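Novice: no sequence for this one, just the structure:
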């Protein structure tokens, strides 16, 4: 059984996809970018603020599904440039202090809306 997860505490999808889908006890969270859910505006003027908003958006979706960062099994991080890795990694570690999910981090040519960071995750109960 599949359940669509939606919260107004995270940005509206910018395409034909769901914020997240729960299948059994596994939650698949779509890639989040730094869109402020209250204003709908991008926050890309500061990498630290951008990264925190991405992770906060992901957290809002986890919360809506009755989960938290400790339920995250795997993250996928997409960067506009690998030179951002250290700064993003430092912020990321604030959200995953004791729990370290599996993950990959890659640089890609272009991200949606030309952001610097996009993060998706898989979580489970």
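Specialist: Looks like it arrived, so ask away. Since we're looking at a predicted model, the values are computed, not measured.

Novice: Surely residue 103 touches residue 78?
Specialist: No: using Cβ atoms under 8 Å, residue 103 is not in contact with residue 78, being 11.2 Å away. From N, CA and C alone the C-beta is placed, and that goes for glycine too.

Novice: can you pull the contacts of residue 74?
Specialist: 101-103, 121-122 (Cβ atoms under 8 Å, 6 or more residues apart in numbering).

Novice: Among those, which one has the most neighbours?
Specialist: residue 121 (27 neighbours; other Cβ atoms under 10 Å).

Novice: separation between that residue and residue 50?
Specialist: Per Cβ to Cβ, to the nearest Å, residue 121 is found 17 Å from residue 50.

Novice: Touching, residue 80 and residue 107? I think so.
Specialist: Yes: contact between residue 80 and residue 107 holds when scored by Cβ under 8 Å: they sit 6.9 Å apart.

Novice: Strands along the protein, start to end?
Specialist: 2-5, 20-23, 26-32, 72-79, 102-107, 117-124 (DSSP state E).

Novice: Make a markdown table from those strands and add mean pLDDT and distance to residue 89 to it.
Specialist: As requested, the strands of the chain are exported to a markdown table (pLDDT from 0 to 100; distance: least, Cβ to Cβ, whole Å):
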| stretch | mean pLDDT | distance to residue 89 |
| --- | --- | --- |
| strand 2-5 | 98 | 27 |
| strand 20-23 | 98 | 24 |
| strand 26-32 | 98 | 17 |
| strand 72-79 | 98 | 9 |
| strand 102-107 | 98 | 8 |
| strand 117-124 | 98 | 11 |
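
Novice: ok, back up a step: tell me the one of the contacts of residue 74 nearest residue 37?
Specialist: The closest of the contacts of residue 74 to residue 37 turns out to be residue 121 (Cβ to Cβ; 17.3 Å).

Novice: does the closest one have beta-bridge partners, and which?
Specialist: residue 29, residue 75 (DSSP bridges).

Novice: For it, which residues are in contact?
Specialist: 29, 58, 62, 72-76, 101.
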